[in-house]
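> Fold the following, please.
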Amino acid sequence: MKNRPGAAVLLGIFALGCILSMSSCWWPTVDLTFLGDGENTDGTGIGPVTGFGSIKLAGAVFSEDNTTSIVDDEGRTIDNVIEGMVVTVHGTLDQSFRSGAASKITIEREVRGPVDDNGVTLADDSVRVLGQTVLVTPGTVFVRFSGGETDLVALKADLDNTLHPELEVHGGVDDLGVIHATFIGRGRDNVVADDNVELRGKISNLDTLFRAFLIGAQQVDFSGLPAGGKVNWPVTGLKDGLFVEVRGLLDAVGGSGVVRTDRSGDLVEVKTVSLGSPRDRVMVEGYVVSGTEASFVMGVPNGTVTVNSGNAPTGGTFGLRQRVRVKGTVTGSAGATVQASVVTTLSTEDILMEGSPDSPPSGTSMTLLGKTVEVNDFTLFRDQTGAIRKNFDLSRISPSDTVRVVGAFDNTVLPGKVIAAKVERLGATPAGTVTFQAPVSAPIGSPNLVMIGVTVRTDFTTTDYFDEGGVPIADQTAFFTELANRGAGTIVKVKRGIFTGGPPRINPPSDGSRMEVGFEQVNN
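Numbering: from 1, shown residues only. A predicted model of the protein is given here:
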């Protein structure tokens with residue numbers, strides 16, 4: 001309900017009565033928001049899906065039913081949505097920004113197409129898809145649409161065998177056009193020439209003579225665009241800086257191909273952003289592309305929005321290309337400006353743990369590998385066993401499960417805790433070995449590593465050592481020499497270790513298998 005004029009009329013009548021009576025008036029302090037913003041329940045949420053049983057994102061739960069429309073060019077339903085996919089939800093949102101009802105859910109894919117030749121770089125966890133640079137983070141949900149988890153190592157192996165796997169990528173886009181993936185879905189194992197592709201982004205290097213432009217490093221040729229393929233173009237036509245979505249065919253794979261839009265159904269659609277009407281509530285997650293704490297521009301699906309805030313951001317260090325979460329209200333008629341009540345800079349999620357809980361979870365926390373793990377409204381929950389989709393949470397996890405936790409370490413109150421961004425159940429059986437990734441603490445000295453209070457014991461005979469990307473390091477001495485050069489705070493990942501508690505330790509296995517210890521690049 002939006003009836004601010006009604007509130008003004010009521011106050012005007014009251015004031016007129018005071019004037020006519022020539023008497024002093026007591027101005028009521030009665031809450032008139034029922035005539036204005038108080039009953040404006042409209043709201044929008046944008047971000048990666050964190051769970052189901054309704055649809056959960058950005059800290060809120062949006063109910064949905066058979067009246068909720070799903071907007072997706074692949075024709076998917078809510079049952080096809082996977083955790084980590086970015087969606088925009090339009091509907092209602094209560095004053096606490098925690099619950100609402102979805103009238104429309106739009107699935108926000110950034111690119112769908114083949115991996116370019118030499119497109120996987122394991123050292124920095126990146127992949128190039130249809131000319132777009134994609135960064136993979138520990139929190140990225142990376143799956144095959146046919147079922148099961150996958151990763152960059154498997155992708156690189158297929159690429160090295162001259163295949164060009166198809167990826168659908170969701171995530172936030174920074175000022176350089178880099179996609180920070182929250183979800184990657186692997187489709188066909190090999191895309192060939194003249195297959196359908198889709199991408200969106202900002203136009204650059206527009207050539208009006210040859211009717212071509214770039215999105216990232218991908219060339220788009222719209223010289224044969226059918227009349228129905230010009231969607232939402234301004235009267236003056238295309239120009240550099242416009243955000244567009246392109247659907248067409250790729251005439252060659254590997255990175256040298258051109259996306260051509262000359263068939264019926266192909267399009268170049270100019271995109272605009274509207275978060276809603278003035279005073280609508282909004283929650284959005286994305287990357288800072290310019291500005292200061294008081295007023296900045298952040299990337300959202302199909303473009304950018306301006307955020308004004310009178311409060312200093314909480315959380316990590318604010319800055320360019322940092323991921324932020326914004327809560328506020330829409331201002332201005334364009335629907336692309338937010339007056340923020342809360343801005344949170346999200347810390348890099350550099351903690352990764354895989355193992356079995358030390359004891360049954362309780363409330364909003366559990367203990368894993370000797371560390372307290374705390375979940376909140378923003379934690380993504382996913383059950384890879386497929387047993388539970390709706391309302392999967394800590395209460396469904398037991399010490400007999402194998403789980404993965406990704407998050408950031410909070411040491412404001414000792415001994416510290418892991419704030420979980422993602423909790424996944426990997427299997428319904430206890431973990432035989434564990435995986436542990438975290439920054440190394442000072443002092444640094446062979447043969448032990450101390451990482452957020454967990455001691456990792458390495459040795460010469462049962463431990464292998466690696467640089468970023470899985471490049472072998474000769475031995476323990478070479479590894480610790482390099483670690484000393486890098487210093488405290490360096491991210492190290494331990495795989496196939498054996499965990500013991502009291503105090504928490506990870507040791508090499510004693511069955512003849514080998515533990516792996518290596519440096520890790522962690523993207524934001």
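
> mind listing the strands in the stretch 401-524 of the chain by residue range?
Taking DSSP state E, counting those that start in this stretch as the criterion, the stretch 401-524 of the chain carries its strands at 402-410, 417-427, 434-439, 448-451, 454-457, 463-466, 472-473, 491-500, 505-507, 515-519.

> Only the buried residues of the second one, if you could.
Okay, so that is strand 417-427. Counting neighbours by 16 or more other Cβ atoms under 10 Å, one finds that the buried residues in strand 417-427 are K417, V418, I419, A420, A421, K422, V423, E424, R425, L426. C-beta here means a position set from N, CA and C on the backbone, and glycine is covered the same way.

> where along the stretch 51-200 of the chain do the helices fall?
Using DSSP state H, counting those that start in this stretch, the helices of the stretch 51-200 of the chain run over 152-160.

> Tell me the bridge partners for V127.
V120, V134 (DSSP bridges).

> Can I get the strands of the stretch 401-524 of the chain in JSON lines including distance to L238?
Listed next are the strands of the stretch 401-524 of the chain as JSON lines, based on distance: least, Cβ to Cβ, whole Å:
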{"stretch": "strand 402-410", "distance to L238": "40"}
{"stretch": "strand 417-427", "distance to L238": "38"}
{"stretch": "strand 434-439", "distance to L238": "45"}
{"stretch": "strand 448-451", "distance to L238": "51"}
{"stretch": "strand 454-457", "distance to L238": "54"}
{"stretch": "strand 463-466", "distance to L238": "47"}
{"stretch": "strand 472-473", "distance to L238": "49"}
{"stretch": "strand 491-500", "distance to L238": "43"}
{"stretch": "strand 505-507", "distance to L238": "56"}
{"stretch": "strand 515-519", "distance to L238": "44"}
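
> and N232, which of these is closest to it?
Closest to N232 of the strands of the stretch 401-524 of the chain is strand 417-427 (Cβ to Cβ; 35.2 Å).

> From S277, how far out is A336?
Note on A336: its distance to S277, by Cβ to Cβ, to the nearest Å, is 12 Å.

> let me redo that: L199
For L199, the distance to S277 (Cβ to Cβ) stands at 30 Å.

> Neighbour count for those two, which is higher?
Using other Cβ atoms under 10 Å, the more surrounded residue of L199 and S277 is L199, with 25 against 13.

> any chance of the strands of the stretch 401-524 of the chain in JSON lines, plus mean pLDDT?
Formatted as JSON lines, the entries for the strands of the stretch 401-524 of the chain read as follows, by pLDDT from 0 to 100:
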{"stretch": "strand 402-410", "mean pLDDT": "98"}
{"stretch": "strand 417-427", "mean pLDDT": "97"}
{"stretch": "strand 434-439", "mean pLDDT": "98"}
{"stretch": "strand 448-451", "mean pLDDT": "97"}
{"stretch": "strand 454-457", "mean pLDDT": "97"}
{"stretch": "strand 463-466", "mean pLDDT": "98"}
{"stretch": "strand 472-473", "mean pLDDT": "98"}
{"stretch": "strand 491-500", "mean pLDDT": "98"}
{"stretch": "strand 505-507", "mean pLDDT": "97"}
{"stretch": "strand 515-519", "mean pLDDT": "98"}
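
> mind checking which of those strands is nearest F183?
strand 417-427 (11.4 Å).
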